[in-house]
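Undergrad: Kindly return the folded structure for what I paste below:
(chains A and B)
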2 protein chains.
Amino acid sequence: MKSWFNSRSLVNKADLDRIYKYEKFSDSLWLYPEHVLSHWESTDKYIDIPEEVNRVYNMLGRPTPITRAKELEEYLGTDCKIFFKREDLLPNGSFKISSAIPQAYFGSIEGRKEVITETGAGQTGVAASLASCLFHMKSTIFMVRSSFNQKPLRRKLMEVYGSKVYPSPSEITQYGKQQLAMGNDSGSIAKATSEVFEVLSKIDNGMNIAGSLLDFTLTYNSVIGLESIAQLKEMGIKADTVIGCVGGGSSFGGLAVPFIDLCDSTEIIATESAAIPTLTKGEYKYDYADGEGESNPLLMYSLGHQYQPSHMHASGLRYHAASPIISYLVHKKRIRPVAYDEEISMKSAIQLSRLESFLVSPESSYTIQAVMETAKTYHGTGKVILALVTGCGHLDLDAYGKFIRDED
Amino acid sequence: MKSWFNSRSLVNKADLDRIYKYEKFSDSLWLYPEHVLSHWESTDKYIDIPEEVNRVYNMLGRPTPITRAKELEEYLGTDCKIFFKREDLLPNGSFKISSAIPQAYFGSIEGRKEVITETGAGQTGVAASLASCLFHMKSTIFMVRSSFNQKPLRRKLMEVYGSKVYPSPSEITQYGKQQLAMGNDSGSIAKATSEVFEVLSKIDNGMNIAGSLLDFTLTYNSVIGLESIAQLKEMGIKADTVIGCVGGGSSFGGLAVPFIDLCDSTEIIATESAAIPTLTKGEYKYDYADGEGESNPLLMYSLGHQYQPSHMHASGLRYHAASPIISYLVHKKRIRPVAYDEEISMKSAIQLSRLESFLVSPESSYTIQAVMETAKTYHGTGKVILALVTGCGHLDLDAYGKFIRDED
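TA: Residues are numbered from 1 along each chain as shown, chains lettered A, B, ... in the order given. Reported below is the predicted structural model:
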């Protein structure tokens, strides 16, 4: 892969100005490397991938395989052809590394020495840890305290990769201490972000690694979609339907955006959890990216920045809004969103593992459910369905344990 | 891959008779499918892989990739070329599935309906579960109770694949109840095996899936070595040194045996844990395969069937003896065994993850340590080293947590 596909290039200038009416990129200069910000602001269709980033992508196992799910097809009794793009095979266990790598690389060539990042259940944190150590940078991760306590494995994987991991709210920032003093100890991404900003403001040469939402994360993840198009082409086929899940939207954008530009007739389906139905029931409006209402508002689908979903296992989908680019494409009806309940989705993911051997992350269980429904609905058409597996479910086996059917 | 390489074909008739002096294959007829027993008894060099088994191998991701470890080479300052054969990328997390698949397949075509198998820390159990569900067989796993309690993730993965998993000693066999009544509740592989035999003896159409030790497990795993030879050939290179770890010996045999026959000049190194130094400090003698002394004795390296190692994290290496074929080849000095301490090995595996991004299973940490030492020793020769990664370390993160260096 020689270039990333720039997610912004799908939006015209007037609409971009409207989406980013309140955003000032210069506000973020201290947080992100200049190369990253220049890619964020760019409207060029393609952005060159540096040779060194490509080398690391290859080392990690990119291009990730596309596998055909013939057992699933047979089980569903459909003549559709089902393919999965397998980001679960990456060494950190999810797609997240493909955006973390360029962020760390550009930081390292610009002299940034330390990564300070927030994480919820840990997938962004693990990717940031690995990316940091591959480019010889120190890393500190503020992990939402409830996950820090309940999901120790991803925390340990970050430590294996050399990160210092703190539960947030932590004792090492003023903000964290205030929160703890007020009895707010379970934490949230917004609070962890506040701690990250406090630490970054006090050091030189630090940087943040963004996990999702921001356009450049979609752009860097576009290797997913570009690889898929090339891999399918090599097999002599085209995708009629492409399916992925949306939390912040970075894996989905990475998958869908190149298809939208390069494959006019491909149907694009975004799956989400009915517990947090941003794209299916949210409003297209200006809202804050963070939970506290302190950032500049963005035009996007949102359930309101203070929306609190009920408990759900797919922590990566637990976000009140969705990427401005994805929101725009849903608003323009180029992407069709669907929402599913957790139980049916997790059970479908278990069923898939029994047919095709691999267990997807809880986030991708919604995609599996959509694949099953779509392949049944489209039976008789012989359509080609490509679905994105965003991660591996092995570190989420506790969650799956709750959905194993009684009859088994 | 069209054929397996038969591990027995490396041993001449007289030596085979000596090794198996006390063995009666007919004793095992009720445990294993007839095809499996015929492969066990065969001395043909190659055994055909059925088309259906090949199809499933491909579905699982075989051939597994070989990756070059350039960052490790640079870190070590060696001009050796280091390659890893990556069984960690299989969906069950280890090489074990490649032997479980043919066993389940042959059972299914012979009308066996149910798999009953024992497992320690769970890698054999997970492979047996997955193989069973892929061939539409029920499965019941007796998991050593101490692991059942302390390592719930592999248990949950077996349940995801549809297995019924019991802690052994269990309440569902006479033997288990007796053990529990005597206060023997932590369990062992030998005790779990006794429970498996009791259940199998009471049902029709059941079968066992063997995890290691027996020649046919090495033979079925020979896809590892055969693929490696073909993959290196495609890159235009040959391995000067091949390294793998030995517990029972099934992954190591699968790797090494084809090299020994097809690549005369290749050096073969077997790694083991200094906590259970079977090949480096054991005696070459007739001993029992099980801990209770109830099986037919086999000629192999052994520390004595009642040997109890101190606590160790690499449960897959926790076995008092080693495969008769591997033992024979060590005795003949065709394989050179080396033993390493746990701490240095686990830390080397952590270091590797920071360089090359993937975390190996604790069993393979001994191989990583051997690779590091060998590549330094051979600096200046430009030799090609191929090492086997038997599994992924993500479900062993608890163990790795204990070895993260204080200075980090």
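
Undergrad: For the host helix or strand of A:Glu159, which residues meet the burial criterion?
TA: Assigned by DSSP states H and E, A:Glu159 belongs to helix A:152-160. Residues A:152-160 are the ones in helix A:152-160 that count as buried (16 or more other C-beta atoms under 10 Å in any protein chain shown). C-betas here are computed from N, CA, C, even on glycine.

Undergrad: could you list every residue that touches the closest residue to A:Thr43 other than its chain neighbours?
TA: Spatial nearest neighbour of A:Thr43, chain neighbours left out: A:Arg8 (5.3 Å); criterion: C-beta to C-beta, 6 or more residues apart in numbering or on different chains. A:Arg8 is in contact with A:16, A:40, A:42-43, A:215, A:219, A:325, counting by C-beta atoms under 8 Å, 6 or more residues apart in numbering or on different chains.

Undergrad: One more pass at 7 Å, please.
TA: Residues near A:Arg8 by C-beta atoms under 7 Å, 6 or more residues apart in numbering or on different chains: A:16, A:42-43, A:215, A:325.

Undergrad: Go through these and say which is closest to B:Ile243.
TA: Comparing these against B:Ile243 with C-beta to C-beta places A:Asp215 closest, at 45.8 Å.

Undergrad: Any idea how many residues pack against that closest one?
TA: 26 (other C-beta atoms under 10 Å in any protein chain shown).

Undergrad: Can you give me the pLDDT of it?
TA: We have a pLDDT of 95 for A:Asp215.

Undergrad: now A:Asp406
TA: Confidence at A:Asp406, expressed as pLDDT, is 54.

Undergrad: Any figure for the gap between the single nearest residue of the stretch 101-250 of chain A relative to chain B and A:Gln308?
TA: Proximity to chain B, evaluated over the stretch 101-250 of chain A using C-beta to the nearest C-beta, is greatest for A:Lys156 at 4.1 Å. Distance of A:Lys156 to A:Gln308, computed by C-beta to C-beta, to the nearest Å: 28 Å.

Undergrad: go on, A:Leu395?
TA: In this structure, A:Leu395 and A:Gln308 are 24 Å apart, going by C-beta to C-beta.

Undergrad: Those two - which one has more neighbours?
TA: More neighbours surround A:Leu395 than the other of A:Leu395 and A:Gln308, with 25 against 11 (other C-beta under 10 Å).

Undergrad: these two touch, right, that one and A:Arg154?
TA: Yes - with contact defined as C-beta atoms under 7 Å, A:Leu395 reaches A:Arg154; the gap is 5.8 Å.

Undergrad: Mind jotting down where the helices sit in the stretch 201-350 of chain A?
TA: Along the stretch 201-350 of chain A, counting by DSSP state H, counting those that start in this stretch, helices occupy A:215-220, A:222-234, A:250-262, A:278-281, A:324-331, A:342-356.

Undergrad: What average pLDDT does the last one get?
TA: Per-residue pLDDT values over helix A:342-356 give a mean of 97.

Undergrad: so where's chain A uncertain?
TA: A:25-26, A:405-408 (pLDDT under 70).

Undergrad: Which positions in it make contact with chain B?
TA: For chain A, the residues in contact with chain B (C-beta under 7 Å from any C-beta of the partner chain) are A:59-60, A:89, A:91, A:93, A:130, A:133-134, A:153, A:156-157, A:159-162, A:350, A:353-354, A:356-359, A:394-395, A:397, A:400-401, A:404, A:408.

Undergrad: For the one helix or strand A:Ala100 maps to, name the packing helices and strands.
TA: Using DSSP H and E, A:Ala100 falls within helix A:97-109. Applying 3 or more C-beta pairs under 7 Å, 6 or more residues apart in numbering or on different chains; DSSP states H and E, we find helix A:97-109 packed against helix A:34-41, helix A:51-60, helix A:123-134, helix A:215-220.

Undergrad: which parts of stretch A:215-230 are buried?
TA: Residues of stretch A:215-230 classed as buried: A:215-229 (neighbour count, 16+ other C-beta under 10 Å).

Undergrad: can you give me the end-to-end distance of it?
TA: Its first and final residues considered, stretch A:215-230 spans 23 Å by C-alpha to C-alpha, to the nearest Å.

Undergrad: ok, back up a step: closest to A:Ala121 out of the buried residues of helix A:152-160?
TA: Closest to A:Ala121, out of all of the buried residues of helix A:152-160 and judged by C-beta to C-beta, is A:Arg154, at 6.6 Å.

Undergrad: what's the closest non-adjacent residue to the closest one?
TA: Closest to A:Arg154 by C-beta to C-beta, 6+ apart is A:Gly122, at 2.9 Å.

Undergrad: Over to A:Leu359?
TA: A:Gly393 (3.8 Å).

Undergrad: quick one: the one you found and B:Val246, what's the gap?
TA: Per C-beta to C-beta, A:Gly393 is found 31 Å from B:Val246.

Undergrad: next one: A:Ile404
TA: For A:Ile404, the distance to B:Val246 (C-beta to C-beta) stands at 35 Å.

Undergrad: More neighbours: which of these two?
TA: More neighbours surround B:Val246 than the other of A:Ile404 and B:Val246, with 31 against 16 (other C-beta under 10 Å).

Undergrad: Run through the residues that contact that one.
TA: Contact analysis of B:Val246 by C-beta under 7 Å, 6+ apart lists B:252, B:270, B:272, B:279, B:322, B:326.

Undergrad: can you redo the residues you listed as CSV with neighbour count and distance to A:Lys333?
TA: Below are those laid out as CSV (neighbours: other C-beta atoms under 10 Å in any protein chain shown; distance: C-beta to C-beta, whole Å):
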residue, neighbour count, distance to A:Lys333
B:Phe252, 36, 57
B:Ala270, 29, 62
B:Glu272, 29, 62
B:Leu279, 28, 66
B:Ala322, 29, 64
B:Ile326, 29, 63
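
Undergrad: Just send those back as TSV, with distance to chain A too.
TA: What follows is those, written out as TSV (distance: C-beta to the nearest C-beta, whole Å):
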residue	distance to chain A
B:Phe252	23
B:Ala270	26
B:Glu272	23
B:Leu279	29
B:Ala322	29
B:Ile326	28
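
Undergrad: from memory A:Leu303 sits against A:Gly282, does it?
TA: Yes - in terms of C-beta under 7 Å, A:Leu303 counts as a neighbour of A:Gly282; the distance is 4.8 Å.

Undergrad: So these two - more neighbours on which side?
TA: Taking other C-beta under 10 Å, A:Leu303 and A:Gly282 do not tie; A:Gly282 has more neighbours (23 against 20).

Undergrad: what's the distance between the more buried one and A:Leu299?
TA: As defined by C-beta to C-beta, A:Gly282 lies at a distance of 12 Å from A:Leu299.

Undergrad: just to revisit the earlier point, B:Val144 is nearest to which of the helices and strands packed on helix A:97-109?
TA: Of these, nearest to B:Val144 by C-beta to C-beta is helix A:123-134, at 30.1 Å.

Undergrad: Next, the buried residues of whichever helix or strand comes after that closest one.
TA: Per DSSP H and E, helix A:123-134 leads on to strand A:138-144 as the next helix or strand towards the C-terminus. Residues of strand A:138-144 classed as buried by neighbour count (16+ other C-beta under 10 Å): A:139-144.

Undergrad: how about these in TSV, adding distance to B:Ile209?
TA: Shown next, in TSV, are the buried residues of strand A:138-144 (distance: C-beta to C-beta, whole Å):
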residue	distance to B:Ile209
A:Ser139	42
A:Thr140	46
A:Ile141	41
A:Phe142	45
A:Met143	39
A:Val144	41
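
Undergrad: what's the residue in the stretch 201-350 of chain A positioned nearest to chain B in contact with, if anything?
TA: Taking C-beta to the nearest C-beta, chain B has its nearest neighbour within the stretch 201-350 of chain A at A:Ile350, 5.5 Å off. Neighbouring residues of A:Ile350 by C-beta under 7 Å, 6+ apart: A:400, A:403-404, B:160.
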